[in-house]
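> I would like the atomic coordinates for the input below:
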Amino acid sequence: MLTNEELNKLKNSLLELKTQLTDFINNSTADSAPVELSKPIGRLSRMDEMQQQQMHKANRLNAKNRLTRVESALLRFKNKEYGYCNECEDYISFKRLMAKPESLFCLDCQQSRE
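Down below sits the predicted model:
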């Protein structure tokens, strides 16, 4: 079972992560703007720019997905359901939650799912 001190650390970690992800998403909109085909650059430069755009889009999508998981974890906090494995309903270790505070599964259940 998690102590109150551990729960406070985890909640602060989730709130900080939420802020970081929100900032990243808000600041990355320009990076995923469409490549202008009328720009006078070479073919390889344009291909590189298009690849960079796709990488920015993928990173932004990953950040949005993680933000959804973080917000879900904060809701579980509010409902006093945070820190329990969704599969075996046992406690998720503090070390695992510190590494990935939005975790839904304990390490054993996560490994069996992979």
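> From now on I want contacts and neighbour counts done on CA atoms only, so please keep to that.
Noted.
> Show me which residues of the helix or strand bottoming out on mean pLDDT in the chain are buried.
Across the helices and strands of the chain, mean confidence by mean pLDDT, DSSP states H and E is lowest for helix 43-78: a mean of 89. Neighbour-count burial for helix 43-78 flags 46, 50, 53-54, 56-57, 59-60, 63-64, 66-67, 69-71, 73-74 (criterion: 16 or more other CA atoms under 10 Å).
> List the beta-bridge partners for the spatially closest residue to Met1 that is not a sequence neighbour.
The shortest distance from Met1 to any non-neighbouring residue, by CA to CA, 6 or more residues apart in numbering, is to Tyr91 (6.2 Å). Partner residues in beta bridges with Tyr91, using DSSP bridges, are Tyr84.
> quick one: pLDDT of Tyr91?
On pLDDT, Tyr91 comes in at 94.
> show me what contacts it?
Counting by CA atoms under 8 Å, 6 or more residues apart in numbering, Tyr91 touches 1-2, 83-85, 106.
> quick one: what helix or strand has Asp23 in it?
helix 4-27 (DSSP states H and E).
> just checking, what packs against that helix?
Other elements packing on helix 4-27 under the criterion 3 or more CA pairs under 8 Å, 6 or more residues apart in numbering; DSSP states H and E are helix 43-78, helix 94-99.
> if you set the cut-off to 7 Å instead, what comes out?
helix 43-78 (3 or more CA pairs under 7 Å, 6 or more residues apart in numbering; DSSP states H and E).
> Now do the helix it packs on against helix 4-27, angle only.
Orientation check (axes from the mean of the first three to the mean of the last three CA atoms, to 10 degrees): helix 43-78 against helix 4-27 gives 150 degrees.
> so Leu2 sits in a helix?
No: Leu2 is assigned coil when assessed by DSSP: H, G, I helix; E, B strand; the rest coil, not a helix.
> where does it sit relative to Glu87, distance-wise?
According to CA to CA, to the nearest Å, Leu2 and Glu87 sit 18 Å apart.
> Neighbour count: those two, which is higher?
Set side by side, Leu2 and Glu87 show more neighbours around Leu2, with 15 against 12, by other CA atoms under 10 Å.
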